[in-house]
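*Asks:* Have a look at this prediction, sequence included:
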Amino acid sequence: MTASSTSAASPPETALAAGACLEARTPASSALRESRVVAVLRAPSAAELEPVIEALVRGGIRSVELTLTTPGVLAVLPELVARFADAAEIGLGTVTTVDQALAGVDRGAAYVVTPITSTAIADAVTSRRVPFYPGGLTPTELWSSWASGATAVKLFPASTVGPGYVGQLRGPFPDMEVVPSGGIELDDVPAWIREGSLAVSLGSPLLRDAFAGGAPSALEERARRVVGLALEAGEAR
């Protein structure tokens, strides 16, 4: 085989490898596609999670990410997954190691989210057929995670680039699903959805004082408002 024929064969082989990953991809849940909002909960303690999740669910949130930065979160994860099984999916976020990812999956996490690009974590989670949302910012990081079988890529920190970045990614990566996260204000949600985001991940702009004595009714109203904004934008695009 000549050098030129070897070179010519490389792109199809790469394409075949990527195609195999696409066939194995675990899709996003209907819960996420229906509400288009992920609520990210970083609490002072795991004991404070349940009433906040209740308020979010009443407001229409169907996907809740519990972060490993919350002390004791793994211990209460099975209980919360069971408690909200009929109302919302409960995932595990801020995962940075394979052991953390598998611990979450073993305890019933509906999905796993990382702030990083890690082939090892991707392999561990996708092999268990659990939706996986790895973080990245550059086109190379995002595509690497997408090609490894991610359900969608987490654009993080999203506020550093803005909604137009998702639209620009559509050019070279038209099929790549993106969930922006980090520094997104509630009023910015429609712009992110209109640019093609699968959903939007929201933390403190949505939660605000929920873990500091804030009224559950106020959190419920914010949740209802942002879900409405996201769904309206999705229908319009």
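*Replies:* Right, received. Where do you want to start?

*Asks:* Quick one: low-confidence residue ranges for the chain.
*Replies:* Applying pLDDT under 70 to the chain flags residues 1-23.

*Asks:* Contact partners for Pro139?
*Replies:* Leu169, Pro172, Phe173 (CB atoms under 8 Å, 6 or more residues apart in numbering). (Glycine included, C-beta is placed from N, CA and C.)

*Asks:* Filter those residues down to the buried ones and express that as a ChimeraX selection.
*Replies:* Burial among the contacts of Pro139 is assessed by 16 or more other CB atoms under 10 Å; the matching ChimeraX selection reads:
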select :169,173
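
*Asks:* Please narrow the contacts of Pro139 to those residing in helices.
*Replies:* Leu169 (DSSP state H).

*Asks:* Now render the contacts of Pro139 as a markdown table, adding distance to Ala199.
*Replies:* As requested, the contacts of Pro139 are exported to a markdown table (distance: CB to CB, whole Å):
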| residue | distance to Ala199 |
| --- | --- |
| Leu169 | 15 |
| Pro172 | 21 |
| Phe173 | 17 |
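
*Asks:* Could you point out which of the contacts of Pro139 is nearest to Glu50?
*Replies:* The shortest approach to Glu50 among the contacts of Pro139 belongs to Leu169, at 36.7 Å (CB to CB).

*Asks:* what are the ranges of the strands in the protein?
*Replies:* 37-41, 63-67, 89-93, 112-113, 132-133, 135-136, 153-155, 178-180, 200-202 (DSSP state E).

*Asks:* how about CSV for those, with mean neighbour count and distance to Ala218 added?
*Replies:* Formatted as CSV, the strands of the chain follow (neighbours: other CB atoms under 10 Å; distance: least, CB to CB, whole Å):
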stretch, mean neighbour count, distance to Ala218
strand 37-41, 26, 14
strand 63-67, 25, 18
strand 89-93, 26, 22
strand 112-113, 29, 26
strand 132-133, 30, 28
strand 135-136, 24, 29
strand 153-155, 28, 27
strand 178-180, 27, 24
strand 200-202, 27, 15
